[in-house]
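>>> compute the structure for the input listed below.
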Amino acid sequence: MIRIRRLCKEYPGGTRALDDVSLDIVDGEFVALIGPSGAGKSSFLRCVNGLVTPTSGEVIVDGHAVTGAPDDRLRQVRARIGFVFQQFNLLRRLTVLQNVLVGRLAHTSRWRSVIGWFDAIDVARTRAVLGRIGLEGLADRRVDTLSGGQQQRVAIARALVTRPAIVVADEPTGNLDEDTGKQIIELLFAGHARRKSTLVLVTHDPALAARCARVVRLRSGRIDGVGVS
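Okay, here's the model as predicted:
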């Protein structure tokens, strides 16, 4: 499903976030990425779905090249990947429903995406996802009126509404209290179990990593070890 070969990423100023990383993640696998801050975990995830362009190397998702892909092809690949950010990345002045519908843009024709028009099927699907993750009744609330835990649920709903084959989550509980964080993790685990999707999770929590099928440790931009939990 995900094939990484000799991936390198160097940012302006000379910071090398990834240094010759190669890894295969198979369909339906549950992988934890661990390592100290600055190890390259977030850069790795962003290279997988094309948010960051690597300096060199190759990323292939489901047989389609991400590196060097034209915009239309990259849009198709991103439609198969749900991304959950640590910082939520929500449009704070929009409603919960509107934010989650943003996740459907990659599945919407270009002219509809430009004007933000979604059909009834998209809206119904979005409301169903909101109900499944405990946000029923909040669809018309602006997200800047919600708690941190509720906002992260909105971010997860935005990722899941695409029915993605792959979900990548970048420390999704990093800004939440312990109890809320556990709830968010269980939502991700439930989605993975229900859809048999591939789940790649960045975490600093050893107990959480131990629940994953495989643990990949990054250090200084390189793979420092791969183990089965």
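>>> quick one: mean pLDDT for stretch 132-146?
Across stretch 132-146, pLDDT averages out at 92.
>>> list the buried residues for it?
Of the residues in stretch 132-146, I133, L135, L138, A139, R142, V143, L146 count as buried by neighbour count, 16 or more other C-beta atoms under 10 Å. For the C-beta atoms, the positions are set from N, CA and C on the backbone; glycine is no exception.
>>> what lies in contact with that stretch?
Stretch 132-146 is contacted by residues 90-97, 99, 126-127, 130, 150-151, 153-154, 156-157, 160, 187 when judged by C-beta atoms under 8 Å, 6 or more residues apart in numbering.
>>> what do you get if the cut-off is 6 Å, keeping everything else the same?
With contact meaning C-beta atoms under 6 Å, 6 or more residues apart in numbering, stretch 132-146 is reached by L90, R92, T95, V96, L97, N99, L130, Q151, R153, V154, A157, L187.
>>> for the fourth one, what are its contacts?
With contact set as C-beta under 6 Å, 6+ apart, V96 has these partners: L138, A139, R141, V143, V154.
>>> just want the most central residue of this structure.
For the chain, the residue nearest the mean C-alpha position is F83 (2.0 Å; C-alpha atoms, centre = their mean).
>>> from the chain's centre, how far out does the host helix or strand of it sit?
Using DSSP states H and E, the element containing F83 is strand 81-84. In terms of C-alpha atoms, centre = their mean, to the nearest Å, the centre of strand 81-84 is found 3 Å from the chain centre.
>>> how distant is whatever helix or strand comes next after it from the center of its chain?
Next in sequence after strand 81-84, counting helices and strands by DSSP H and E, comes helix 96-101. Remark: helix 96-101 is offset 17 Å from the chain centroid, using C-alpha atoms, centre = their mean.
>>> before we move on, what about stretch 185-198?
13 Å.
>>> do the same with stretch 153-167
On the basis of C-alpha atoms, centre = their mean, stretch 153-167 sits 8 Å off its chain's mean C-alpha point.
>>> which of the residues in that stretch are buried?
Residues of stretch 153-167 classed as buried under the neighbour-count rule (16+ other C-beta under 10 Å) are 153-162, 164-167.
>>> give me the residues contacting that stretch.
Residues outside stretch 153-167 that contact it (C-beta under 6 Å, 6+ apart): 80-84, 88, 96, 99-100, 102-103, 126, 129-130, 133, 135, 143, 187, 191, 197-199.
>>> what comes into contact with the lengthiest helix in the chain?
Across the chain, the helix with the greatest residue count (assigned by DSSP state H) is helix 178-195. Helix 178-195 is contacted by residues I133, G149, Q152, I156, L160, P172, T173, L199 when judged by C-beta under 6 Å, 6+ apart.
>>> could you point out which element follows the helix-or-strand element of the chain with minimal mean pLDDT?
Least confident helix or strand of the chain, by mean pLDDT, DSSP states H and E, is helix 110-115 with a mean of 42. Next helix or strand after helix 110-115 toward the C-terminus (DSSP H and E): helix 120-132.
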